[in-house]
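J.: Sequence and predicted structure, then a few things I'm wondering about:
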Amino acid sequence: MNFARVLTQTAYVAPVIGTDARGKPTYGPPVARKVRAEVRRTMVTKATGEEAVSNHRFWCVEPVNLTDRVWLPGEDNSSAEASHLPLSVESASDFPGTATLWKVML
């Protein structure tokens, strides 16, 4: 299945590339990703098992880690304060012969 026709927006993802002297993560530069972003308020279970409220979700074909910084379409990716950390990331589909579609809850 070709997801290109529905992934028409651009989000930015900055991956963790290391840690500083205090053990806090350091990030690489934001990388553009084709996504489909939606505003949707829903409860999610985080990797830690606790529940949280998610206000946004997006779909993409490149994996996103729970530790990555994410900027939704239209957000200023030069500001770390404007970024989000994913609440959950899961494989939403795995069609034979195609890329996996990932669902990221923010």
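T.: Looks like it arrived, so ask away.
J.: so where's the protein shaky on pLDDT?
T.: Scanning the chain for pLDDT under 70 picks out 1-2, 4, 93-98.
J.: on contacts alone, who are the packing partners of the longest strand along it?
T.: Determined from DSSP state E, the single longest strand within the chain is strand 31-45. In terms of contacts (3 or more Cβ pairs under 8 Å, 6 or more residues apart in numbering; DSSP states H and E), strand 31-45 is packed against strand 9-14, strand 51-60. Where C-beta positions appear, they are placed from N, C-alpha and C, glycine not excepted.
J.: Can you name the residues bridging to the nearest residue to Tyr27 once chain neighbours are set aside?
T.: Spatial nearest neighbour of Tyr27, chain neighbours left out: Ala14 (4.2 Å); criterion: Cβ to Cβ, 6 or more residues apart in numbering. With DSSP bridges as the criterion, Ala14 is bridged to Arg69.
J.: Ala14 reaches Ser83, doesn't it?
T.: Yes - Ala14 sits in contact with Ser83 when judged by Cβ atoms under 8 Å, with a separation of 7.2 Å.
J.: can you list contacts of stretch 76-88?
T.: 12, 14, 27, 30, 44-47, 52, 54, 56, 64-72, 75, 104-106 (Cβ atoms under 8 Å, 6 or more residues apart in numbering).
J.: Enumerate the positions of it that are buried.
T.: Neighbour-count burial for stretch 76-88, counted by 16 or more other Cβ atoms under 10 Å, picks out Asn77, Ser83, His84, Pro86, Leu87, Ser88.
J.: Repeat that for stretch 9-27.
T.: Residues of stretch 9-27 classed as buried by neighbour count (16+ other Cβ under 10 Å): Gln9, Ala11, Tyr12, Val13, Ala14, Tyr27.
J.: Please spell out the PyMOL selection for the buried subset of the contacts of stretch 76-88.
T.: Typed into PyMOL, the line below selects the buried ones among the contacts of stretch 76-88, using 16+ other Cβ under 10 Å:
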select buried, resi 12+14+27+30+44+54+56+64+68+69+70+71+72+104+105+106
